[in-house]
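*Asks:* Pasting a predicted model and its sequence here:
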Amino acid sequence: SPSGQLKAASILSDFHQPFMYAVDIEGIFSANGVRYTAIATAAVAGLIGKIPTEEAIFRFTVPGMLGMRYRYTETDVVSGERQVDLLSNARIATGLLQDGGVKITESRSLASAGSDFENMMTVLILQETLEICRSVSKDFIGKVSSAPLIQAFQSQIDKSIGDALVP
C-alpha cells in the first residue's frame, strides 16, 4: 500500500547495506495469455544478472514485465512530496513505464548516501573485479614469492581487469 511504502522509505533512510538493492514494484506479467500481478524482485534480479557490468540498470527494460500495478503518482500529505521522490530519496527503486515496458528508476544500493558503494554499477564492478582477482590468484598461490613472480601476478591482474572492465 502507498502508506506502507512511505513508512518503509523513512525506516530505510539510515540503513547501510551496500550489497543490497531494494525494489518496490508490483509488476504485471503474463502466463499463457493470463495476466497477473506479482512482486518484481525476481525479474529485476534476472535483469541485474544479465546486464553488462558497466551499464546503468535504468537503461534496460525489465524482462517479462508488461506493466505495473501501482504508478507511484500519489503525493504524501505530510511532506507534500511525490511518492516516487520519497522512495528514491530512501534509495528504493521503483518502475517507470517507458519504451513499451518497465524500466528501473533508481540505481543506488542501500549503502549510505555518499558511500563508495552507493551506486549499483560500482557494486557490480567491484564484485566482478574480486572474481577476476580470485581467478588469477589461483595460479600464483603456493609458489615461492619472488620479484618476477609478483611482477607476473601484477601483470596478469592488470591484463585480466583491463580486458574485462576497461570498456
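*Replies:* In hand now; what should we look at?
*Asks:* Now do stretch 160-167, average pLDDT.
*Replies:* For stretch 160-167, mean pLDDT rounds to 79.
*Asks:* excluding its backbone neighbours, what's nearest the spatially most central residue of the chain?
*Replies:* In the chain, the C-alpha nearest the mean C-alpha coordinate belongs to residue 120, at 4.3 Å (C-alpha atoms, centre = their mean). Closest residue to residue 120 apart from its sequence neighbours, by C-beta to C-beta, 6 or more residues apart in numbering: residue 107 at 4.6 Å. Placement of C-beta: from N, CA and C, glycine included.
*Asks:* Now residue 120. Its backbone dihedrals?
*Replies:* With angles defined as degrees, to the nearest 10, residue 120 sits at phi -60, psi -40.
*Asks:* Please tell me how far it sits from residue 127.
*Replies:* Plainly put, residue 120 is 11 Å away from residue 127 if you go by C-beta to C-beta, to the nearest Å.
*Asks:* any residues touching stretch 132-139, and which ones?
*Replies:* Defining contact as C-beta atoms under 8 Å, 6 or more residues apart in numbering, one finds that stretch 132-139 is touched by 153, 156-157, 160-161, 164-165.
*Asks:* Could you identify the buried members of those residues?
*Replies:* 153, 156-157, 160-161 (16 or more other C-beta atoms under 10 Å).
*Asks:* Residue 79 and residue 86 touch, don't they?
*Replies:* Yes - with contact defined as C-beta atoms under 8 Å, residue 79 reaches residue 86; the gap is 7.0 Å.
*Asks:* out of those two, which sits in the busier spot?
*Replies:* Neighbours per residue, other C-beta atoms under 10 Å: of residue 79 and residue 86, the larger number sits with residue 86, 22 against 12.
*Asks:* As a check, name the ranges of all helices in this protein.
*Replies:* 2-12, 41-50, 83-89, 120-137, 147-165 (DSSP state H).
*Asks:* Just list what the last one packs against, helices and strands only.
*Replies:* Secondary-structure packing of helix 147-165 (3 or more C-beta pairs under 8 Å, 6 or more residues apart in numbering; DSSP states H and E): helix 120-137.
*Asks:* Kind regards, and thank you for your time.
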